[in-house]
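Chemist: Next come a sequence and a model predicted from it.
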Amino acid sequence: MNAKSYINRRALPAFCKRLAMVAAVCGVLGISGAHATTLTIGVPNNNDQIELKKLSAAFEKANPDIKLNWLILEENVLRQRLTTDITTNSGQFDVLMIGLYEAPLWAKRGWLVPLNNLPPEYDVNDLFKTVRDGLSYNGTLYALPFNAESSMTFYRKDLFASKGLTMPAQPTYEQISQFADKLTDKANGVYGICLRGKAGWGENMAYVGTLVNTYGGRWFDEKWQPQITSPEWKNAITFYVNLLKRDGAPGASSNGFNENLSLMTGGKCAMWVDATTAAGILYNPKESSVSDKVGFASAPVQATPNGSHWLWSWAFAVPKTSRSQDAAKKFVEWATSKEYIKLVGSDLGWASLPPGTRMSTYQIPEYTQAAPFAEFVRKAIETADPTHPTAKPVPYTGVQFVAIPEFQSFGTTVGQSIAGALAGQTSVDEALQTGQAATERAVRQAGYLK
């Protein structure tokens, strides 16, 4: 044995000790030889998405090389964060939950990864065509639908029976108002009507947009002149403000979808007009105290049926700025697959499947048995028509939104003004004048209005 090998052997224990310390530190820091890909996912704090986070452990188990980092935010905050991220190329997110409004606009600007070449087992033709088309640009899908919805009327059958009332299959807003007056029982904490009041283009304006449509109103005339101070808008918003002040829950101007869902499942609302996605929660005894007392009808109409019920889908997209696009696509395909939908049924209950995305969902016996609303919701989604949202001609598409990039800004401003009128901070006339000015300024600066 020479001197050199003798020295190396004497140094070996110390060298091995150092290696062990490095390995321990790496373990604490989560560093391994096979580096895991971490996907950052931004979703709204809705029930279906919270269930997805819970069940995503199954995805991570099947894909140990992929870790999921969830950012679950209130809807308005999420939209702001995702819009800022995509427009500034920040690259903070790998998976975005967006909708029918953003998908084609962002795809047109080259911000999203095309979701074509999907594997045969994904069965893209199983997706409802109306939803698939809405998430496409130039015939290419840029987002995969997680759930899809229209709007409908929910009501308490027991409360209607106690007053000798009958909900028609297609109520008018005049009838809704009469029912609300008779059903309001504030002494016992029951309110005749619950409607969205929280400001936001996708919060109160999702509902208010359909209300204005069915009153015969529109956002713009054919020449892009805003119509927010028109008689139709004034009649619709005056009705809305007066109805909620008279028969709505306290603090209505702060209540969005989730707040009203909580009121309805807690037995506080006699009627609620909102997203069809709520049906699965309201009819699930695990989540609703009134699951055996809920009835449903079409969204109300007034002067015209055009645009009385909306069309929306929460969908997953992958931004071009993601450094992990292949892993992100794998997750998006799993979260919107037939297998995931059935996983929800096994875990949460068959009434609560993510609705409106796949034709095969409506062929699952357990779902059709547990969800008496299933076929009704399917028809509502299929009959919502973004290309003819109003009785009068318009230069835009979209039922409860205007499919132009500027809508996020002026839609939110109008929503804030109307929430202010509901809260008693301003009059309806002042709210509409503020909205008119902001909208006109936006479309003039963008070049729509000459």
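Modeler: Noted; the coordinates are in hand. Residues are numbered from 1 along each chain as shown.
Chemist: Show me the shaky parts of this structure.
Modeler: 1-34 (pLDDT under 70).
Chemist: Domains in it, by residue range?
Modeler: Domain assignment for the chain by automatic domain parsing gives 37-149+312-371, 151-309+390-445.
Chemist: CSV for those domains, including mean neighbour count?
Modeler: Heads up, the C-betas are built off the backbone N, CA and C, glycines and all. CSV is the format used below for these (neighbours: other CB atoms under 10 Å):
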stretch, mean neighbour count
domain 37-149+312-371, 18
domain 151-309+390-445, 20
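Chemist: Mind checking those domains for the one nearest to Lys379?
Modeler: Among the domains of the chain, domain 151-309+390-445 comes nearest to Lys379, with 9.4 Å by CB to CB.
Chemist: Can you give me the first-to-last residue distance of that closest one?
Modeler: One end of domain 151-309+390-445 sits 33 Å from the other (CA to CA, to the nearest Å).
Chemist: How about stretch 346-357?
Modeler: With CA to CA as the measure, what separates the two termini of stretch 346-357 is 18 Å.
Chemist: Let's have the domains of the chain in CSV, adding distance to Ile381.
Modeler: Formatted as CSV, the domains of the chain follow (distance: least, CB to CB, whole Å):
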stretch, distance to Ile381
domain 37-149+312-371, 5
domain 151-309+390-445, 7
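Chemist: Of all those domains, which one comes closest to Ala384?
Modeler: domain 151-309+390-445 (5.5 Å).
Chemist: Now do that closest one: distance to the chain's middle.
Modeler: Remark: domain 151-309+390-445 is offset 16 Å from the chain centroid, using CA atoms, centre = their mean, to the nearest Å.
Chemist: Let me know the helix or strand that the residue nearest the centre of the chain is in.
Modeler: Nearest to the geometric centre of the chain sits Trp314, at 4.8 Å (CA atoms, centre = their mean). Following DSSP states H and E, one finds Trp314 within strand 312-317.
Chemist: Strand partners (parallel or antiparallel) of that strand?
Modeler: strand 95-98 (antiparallel), strand 144-149 (antiparallel) (DSSP bridges).
Chemist: so how far is Phe220 from the nearest residue to Ile404 once chain neighbours are set aside?
Modeler: Of all residues not flanking Ile404 in the chain, Tyr396 sits nearest, at 6.5 Å (CB to CB, 6 or more residues apart in numbering). Using CB to CB, to the nearest Å, we find Tyr396 at a distance of 6 Å from Phe220.
Chemist: list residues touching both of the two?
Modeler: Val402 (CB atoms under 8 Å, 6 or more residues apart in numbering).
Chemist: Tell me if I'm right that Leu144 and Trp314 touch.
Modeler: No. Applying CB atoms under 8 Å, one finds Leu144 not in contact with Trp314, separated by 10.6 Å.
Chemist: ok, back up a step: which ones are touching the residue nearest to the centre of the chain?
Modeler: Going by CB under 8 Å, 6+ apart, Trp314 touches Val43, Pro44, Asn46, Asp48, Gln49, Met97, Ile98, Gly99, Pro145, Phe146, Asn147, Ala148.
Chemist: How about Leu211?
Modeler: Residues near Leu211 by CB under 8 Å, 6+ apart: Tyr173, Ala236, Phe239, Tyr240.
Chemist: now, among the contacts of Trp314, which is nearest to Lys268?
Modeler: When the contacts of Trp314 are ranked by distance to Lys268 (CB to CB), Asn46 comes first, at 19.3 Å.
Chemist: Please name the nearest non-neighbouring residue to that closest one.
Modeler: Nearest residue to Asn46, sequence neighbours excluded (CB to CB, 6+ apart): Asn258, at 6.8 Å.
Chemist: Where does the one you found fall, secondary structure wise?
Modeler: helix 257-265.
Chemist: Phi and psi next, for Thr383.
Modeler: Main-chain dihedrals, Thr383, degrees, to the nearest 10: phi -100, psi -10.
Chemist: Over to Cys194?
Modeler: Per degrees, to the nearest 10, the backbone of Cys194 is at phi -120, psi 130.
Chemist: From Lys320, how far out is Ser298?
Modeler: Taking CB to CB, one finds Ser298 at 40 Å from Lys320.
Chemist: and Leu127, what is it in contact with?
Modeler: Contacts of Leu127 (CB under 8 Å, 6+ apart): Leu144, Pro145, Thr357, Arg358, Met359.
Chemist: what sits against the residue lying closest to the fourth one once chain neighbours are set aside?
Modeler: This points to Arg358. Nearest non-adjacent residue to Arg358, counting by CB to CB, 6+ apart: Asp126, 4.9 Å away. The contact partners of Asp126, by CB under 8 Å, 6+ apart, come to Lys338, Arg358, Met359, Ser360.
Chemist: now for those residues, which pair is the farthest apart?
Modeler: Lys338 and Met359 (10.3 Å).
Chemist: close enough to count as contact, Leu449 and Glu440?
Modeler: Yes. Counting by CB under 8 Å, Glu440 is a contact partner of Leu449 at 6.7 Å.
Chemist: what residues are shared contacts of these two?
Modeler: Common neighbours of Leu449 and Glu440, counting by CB under 8 Å, 6+ apart, are Gln225.
Chemist: What distance separates the opening and closing residues of stretch 362-379?
Modeler: By CA to CA, the extent of stretch 362-379 from end to end equals 11 Å.
Chemist: What of stretch 164-181?
Modeler: 14 Å.
Chemist: List the contacts of that stretch.
Modeler: With CB under 8 Å, 6+ apart as the criterion, stretch 164-181 contacts 153, 155, 160, 182-183, 192-193, 211, 214-215, 239, 243, 246-247, 270-271, 273, 295, 297-298, 300-302.
Chemist: Narrow those residues to those in helices?
Modeler: Assignment to helices by DSSP state H places the following of the contacts of stretch 164-181 there: Phe160, Lys182, Leu183, Leu211, Thr214, Phe239, Leu243, Arg246, Asp247.
Chemist: Quick check, the fifth one in contact with Trp310.
Modeler: No. Thr214 is beyond contact range of Trp310, at 11.1 Å (criterion: CB under 8 Å).
Chemist: Ala442 should be in a helix, yeah?
Modeler: Yes. Looking at Ala442 with DSSP: H, G, I helix; E, B strand; the rest coil, it is inside a helix.
Chemist: which residues touch it?
Modeler: Glu406, Ser409, Phe410.
Chemist: how would you label the last one: helix, strand or coil?
Modeler: At Phe410, secondary structure determined by three-state DSSP is helix.
Chemist: Can you tell me how far it is from Leu343?
Modeler: From Phe410 to Leu343 the distance is 40 Å (CB to CB).
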